[in-house]
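[1] when you get a sec, could you give me coordinates for this:
(4 chains)
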There are 2 protein chains.
Amino acid sequence: MLKKERHQFIMDKFKNVEKINTIDLALELNISEDTIRRDFNELHNKGLINKVYGAAFPLKEKSNNVFDITIINEDKKIIVGQKALSFLTEGQVIIMTGGTTNLSFCKLIPIDFSATIYTYSLPIAMQLSQHPNIELIFIGGKLQKKAMVTVGIDVVQVLSKIRADVCFLGVSSLDVNQGLTEMGYEVSIIKKEMIKASDKVIVLATSDKINGKMPHQVCGLDKIDAIVTELNPKSSRIKSFVEAGARVY
Amino acid sequence: MLKKERHQFIMDKFKNVEKINTIDLALELNISEDTIRRDFNELHNKGLINKVYGAAFPLKEKSNNVFDITIINEDKKIIVGQKALSFLTEGQVIIMTGGTTNLSFCKLIPIDFSATIYTYSLPIAMQLSQHPNIELIFIGGKLQKKAMVTVGIDVVQVLSKIRADVCFLGVSSLDVNQGLTEMGYEVSIIKKEMIKASDKVIVLATSDKINGKMPHQVCGLDKIDAIVTELNPKSSRIKSFVEAGARVY
DNA sequence: CTAAATCGCGCACGATAATGCATTATATTT
DNA sequence: AAATATAATGCATTATCGTGCGCGATTTAG
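    Here you go, the predicted structure:
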């Protein structure tokens, strides 16, 4: 039995059992404890298992992979993204904010779509890097780890110098009276700048963002050219926005 | 039986089996193990199979998840990374290049390590965003999709204005006479700038990078403060570097 | 605090790999 | 078709890898 096979065997076994004893596995596979220990050590070094005295445990399945981004309400966000596709035109210059709604949207963009896209979100950039015809420009700055976006004066400065055709804007909250509001001050500043830099502003939001209020205002409804949600535009939950004159899709 | 036929035979066989033993195949095809090994090596270099001690495996089909980064020769890179940890000091200002060797290194950095880190690599930034005490600054620019790093004048400009204590430099190739060389012109320019901006330069490289030559020179060995590989510094494979006066770890 | 279990390290040995070289097969040129 | 260059193959040698064992160090449990 090859080393690699044993490693695979161990990882597979952890799908069924919660703990593997060093001695037991040595007996089961008919090899020395030393080898098992070495295997455990190697797997431990790779960050695949937890090791304790005399045994090993599987790692808590909680996103041990940094790069695994879980999208909550993904089905709703996919609906939003599909509607938003109609706002894309070949050759546009686009500003794309962060957030999982925008991420879902980016996953739906046709693979050969051609455009220039500015973003300040790491996950969005990773996703869009798959598109060979998209010229992707990342706006650098200090990283805000929670949102995985860059913030700070550098970001604002870059934004102040560009002109985009359209901005796809993910949001914290959307309210009929307050308009668009953000949880973080820095992000609110940056989004203001993004709106200023774009001819059109398309807001992507699932219904759970509606009628919430966050401390920092970004803009009023009048600045927004389209609001895309997973709801039917005639839905009662979005009625107030339609009545206020917003273009809801 | 021609080489091409054998290669085809091997790839076909992987459609049915999960593992091909070196000896078994040699017996089956009635040719020497050497030839099989050479075949495995060639296919491995083309990135078509995985090779381990005594056998070969088919590549696990790359996941459709953009964020999944497969690190080849991960065990070697982990050794490099562990050695490189000794060059870290709390509170440093660090420049980190891209590449999977550096990525492995970043995974090994203690979770509570505190420093300021500049990078132009998306995967590295994603990884380091896990560390709460690291002030992470992403250098923006046009994204080079293949390497997942930003390039262009903006990157150079940012680098020209910073001073770092240490630069951890991943490389394309390392040669005793040519020094550090790169495949891409743009990246070579940027790495020059990174070296200029740093007091110390630590090169992280697995042995397969050694004695290769790429078209664009970055710097000579004299600019490098330390070369970290997975090899023992006394190994014959690295001997020429030691003799040339390089500090090999 | 003590005893038992477990661990890490160095060493030895057999298996597998890499390298240089001679030989044979294949491709290219004239 | 013959001559020559180029590539592929196998063998011998040396290097490297994986594994088990022994021993002292470390950890756990009572």
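
[2] tell me how many other residues crowd residue A:177.
    Residues lying near residue A:177 (other C-beta atoms under 10 Å in any protein chain shown) number 10. (C-beta placed from N, C-alpha, C; glycine too.)

[3] cool, residue A:242 as well?
    Look at residue A:242: counted by other C-beta under 10 Å, it has 14 neighbours.

[4] which residues touch it?
    Residue A:242 makes contacts with A:233, A:248, as judged by C-beta atoms under 8 Å, 6 or more residues apart in numbering or on different chains.

[5] swap in residue A:83?
    Counted by C-beta under 8 Å, 6+ apart, residue A:83 has contacts A:228, A:249.

[6] that one in helix, strand or coil?
    helix (DSSP: H, G, I helix; E, B strand; the rest coil).

[7] pLDDT score for it?
    Residue A:83 is assigned a predicted lDDT (pLDDT) of 95.

[8] again, but for the one 10 residues further on
    Model confidence at residue A:93, expressed as pLDDT, equals 98.

[9] outline the domain layout of chain A.
    Structurally, chain A divides into domains by automatic domain parsing as follows: A:3-58, A:74-243.

[10] distance-wise, check the residue sitting nearest the centre point of chain A relative to residue A:72.
    Geometric centre of chain A, nearest residue: residue A:100, 3.8 Å, by C-alpha atoms, centre = their mean. As for residue A:100, its distance to residue A:72 is 7 Å (criterion: C-beta to C-beta, to the nearest Å).

[11] do residue A:191 as well
    When C-beta to C-beta is the yardstick, residue A:191 and residue A:72 sit 21 Å from each other.

[12] and the two? Which one has more around it.
    Just comparing residue A:191 and residue A:72: by other C-beta under 10 Å the higher neighbour count belongs to residue A:191, 25 against 9.

[13] secondary structure class for that one?
    helix.

[14] could I get the pLDDT score of the residue lying closest to it once chain neighbours are set aside?
    Leaving aside its sequence neighbours, residue A:191 sits nearest to residue A:218 (C-beta to C-beta, 6 or more residues apart in numbering or on different chains; 4.7 Å). Looking at residue A:218, its pLDDT is 95.

[15] isn't residue A:218 right next to residue A:184, touching?
    No. In this structure, residue A:218 is not within contact of residue A:184 by C-beta atoms under 8 Å, at 10.8 Å.

[16] who's more crowded, the two?
    Taking neighbours as other C-beta under 10 Å, residue A:218 and residue A:184 compare with residue A:218 leading, 26 against 18.

[17] how about the more buried one, what does it touch?
    Here residue A:218 is in contact with A:171, A:179-182, A:188, A:191-192, A:195 (C-beta under 8 Å, 6+ apart).

[18] try 10 Å
    Contacts for residue A:218 (C-beta atoms under 10 Å, 6 or more residues apart in numbering or on different chains) come out as A:169, A:171-174, A:178-182, A:187-192, A:194-195, A:203, A:224.

[19] got it, and residue A:112?
    When contacts are counted by C-beta under 10 Å, 6+ apart, residue A:112 touches A:90, A:131-134.

[20] contact partners for the residue of chain A found nearest chain B?
    Scanning chain A for the residue nearest chain B gives residue A:140, at 2.5 Å (criterion: C-beta to the nearest C-beta). By C-beta under 10 Å, 6+ apart, residue A:140 lies in contact with A:120, A:150, A:152, A:154-155, A:158, B:118-120, B:125, B:137-141, B:150, B:154-155, B:158.

[21] can I get the contacts of residue A:112 in JSON lines including secondary structure and neighbour count?
    As requested, those are exported to JSON lines (DSSP: H, G, I helix; E, B strand; the rest coil; neighbours: other C-beta atoms under 10 Å in any protein chain shown):
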{"residue": "A:90", "secondary structure": "coil", "neighbour count": "10"}
{"residue": "A:131", "secondary structure": "coil", "neighbour count": "19"}
{"residue": "A:132", "secondary structure": "coil", "neighbour count": "10"}
{"residue": "A:133", "secondary structure": "coil", "neighbour count": "12"}
{"residue": "A:134", "secondary structure": "strand", "neighbour count": "21"}
